[in-house]
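*Asks:* What follows is a predicted protein model with its sequence.
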Amino acid sequence: MTTVAVRHHVADYDTWKTGYDGHGAVRKQNGCTGDMLLRDANDPNEVLVLTFWPTAADAQAFATDPGLPEAMQKAGVTSEPRIEIYEETSS
(Lines give C-alpha, C1' and ligand atoms only; values in the text may rest on other atoms or scores of the structure.)
Protein backbone atom coordinates (compact mmCIF):
# COMPACT_ATOMS: atom_id res chain seq x y z
CA MET A 1 0.00 0.00 0.00
CA THR A 2 1.08 3.58 -0.68
CA THR A 3 0.19 6.65 1.37
CA VAL A 4 0.07 10.22 0.12
CA ALA A 5 0.58 12.82 2.86
CA VAL A 6 -0.59 16.33 2.04
CA ARG A 7 -0.08 19.15 4.52
CA HIS A 8 -1.41 22.66 3.97
CA HIS A 9 -3.10 25.61 5.62
CA VAL A 10 -6.72 26.42 4.81
CA ALA A 11 -8.73 29.61 5.23
CA ASP A 12 -11.58 27.84 7.02
CA TYR A 13 -11.63 24.15 7.93
CA ASP A 14 -15.38 23.65 7.46
CA THR A 15 -15.34 25.24 4.00
CA TRP A 16 -12.26 23.22 3.07
CA LYS A 17 -13.85 19.99 4.35
CA THR A 18 -16.88 20.54 2.10
CA GLY A 19 -14.57 20.95 -0.89
CA TYR A 20 -12.48 17.95 0.15
CA ASP A 21 -15.57 15.77 0.45
CA GLY A 22 -16.78 16.99 -2.94
CA HIS A 23 -13.52 15.86 -4.51
CA GLY A 24 -13.90 12.38 -3.03
CA ALA A 25 -15.35 10.87 -6.19
CA VAL A 26 -12.23 11.89 -8.11
CA ARG A 27 -10.00 10.26 -5.50
CA LYS A 28 -12.05 7.09 -5.63
CA GLN A 29 -12.02 7.01 -9.46
CA ASN A 30 -8.24 7.18 -9.31
CA GLY A 31 -8.00 4.23 -6.91
CA CYS A 32 -7.97 5.80 -3.44
CA THR A 33 -8.94 3.15 -0.90
CA GLY A 34 -9.33 5.40 2.15
CA ASP A 35 -8.20 8.53 3.91
CA MET A 36 -7.52 10.15 7.27
CA LEU A 37 -7.84 13.85 8.11
CA LEU A 38 -5.80 15.42 10.90
CA ARG A 39 -5.79 18.98 12.25
CA ASP A 40 -2.92 20.69 14.03
CA ALA A 41 -3.59 20.89 17.77
CA ASN A 42 -2.58 24.57 17.86
CA ASP A 43 -4.03 25.71 14.52
CA PRO A 44 -7.21 23.92 13.41
CA ASN A 45 -6.79 25.34 9.90
CA GLU A 46 -3.48 23.50 9.44
CA VAL A 47 -4.48 20.20 7.89
CA LEU A 48 -2.68 16.92 7.24
CA VAL A 49 -4.46 14.57 4.84
CA LEU A 50 -3.40 10.95 4.44
CA THR A 51 -4.82 9.08 1.46
CA PHE A 52 -4.21 5.41 0.77
CA TRP A 53 -3.54 3.88 -2.66
CA PRO A 54 -2.92 0.36 -4.01
CA THR A 55 0.32 1.35 -5.77
CA ALA A 56 2.84 4.17 -5.91
CA ALA A 57 1.88 4.71 -9.56
CA ASP A 58 -1.76 5.31 -8.56
CA ALA A 59 -0.66 7.73 -5.85
CA GLN A 60 1.70 9.59 -8.16
CA ALA A 61 -0.95 9.89 -10.86
CA PHE A 62 -3.36 11.48 -8.41
CA ALA A 63 -0.75 13.75 -6.80
CA THR A 64 0.21 15.14 -10.22
CA ASP A 65 -3.34 15.37 -11.60
CA PRO A 66 -3.70 18.80 -13.23
CA GLY A 67 -7.14 19.26 -11.61
CA LEU A 68 -5.84 18.90 -8.05
CA PRO A 69 -4.46 22.46 -7.66
CA GLU A 70 -7.77 23.92 -8.84
CA ALA A 71 -9.73 21.74 -6.39
CA MET A 72 -7.44 22.85 -3.57
CA GLN A 73 -7.81 26.50 -4.49
CA LYS A 74 -11.61 26.25 -4.62
CA ALA A 75 -11.61 24.57 -1.19
CA GLY A 76 -9.63 27.44 0.33
CA VAL A 77 -6.08 26.12 0.60
CA THR A 78 -3.97 29.20 1.42
CA SER A 79 -0.44 27.75 1.48
CA GLU A 80 1.70 25.79 -0.93
CA PRO A 81 0.78 22.16 -0.25
CA ARG A 82 3.50 19.79 0.84
CA ILE A 83 2.81 16.49 -0.94
CA GLU A 84 4.82 13.38 -0.09
CA ILE A 85 4.40 9.76 -1.16
CA TYR A 86 5.29 6.88 1.16
CA GLU A 87 5.35 3.15 0.48
CA GLU A 88 4.57 0.63 3.18
CA THR A 89 7.45 -1.57 4.25
CA SER A 90 7.55 -4.86 6.07
CA SER A 91 8.54 -4.84 9.73
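*Replies:* Structure's in. What do you need?

*Asks:* Mind jotting down where the helices sit in the protein?
*Replies:* For the chain, helices defined by DSSP state H occupy the ranges 13-22, 24-29, 56-63, 68-75.

*Asks:* now those in TSV, with mean neighbour count?
*Replies:* C-betas here are computed from N, CA, C, even on glycine. Rendered in TSV, the data for the helices of the chain read as follows (neighbours: other C-beta atoms under 10 Å):
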stretch	mean neighbour count
helix 13-22	15
helix 24-29	13
helix 56-63	16
helix 68-75	15
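
*Asks:* So which of those helices is nearest residue 3?
*Replies:* Residue 3 lies closest to helix 56-63 among the helices of the chain, at 7.6 Å (C-beta to C-beta).

*Asks:* and the direction of the closest one versus that of helix 68-75, what angle?
*Replies:* Regarding helix 56-63 and helix 68-75, their directions subtend 50 degrees when assessed with axes from the mean of the first three to the mean of the last three C-alpha atoms, to 10 degrees.

*Asks:* Sweet, I'm off.
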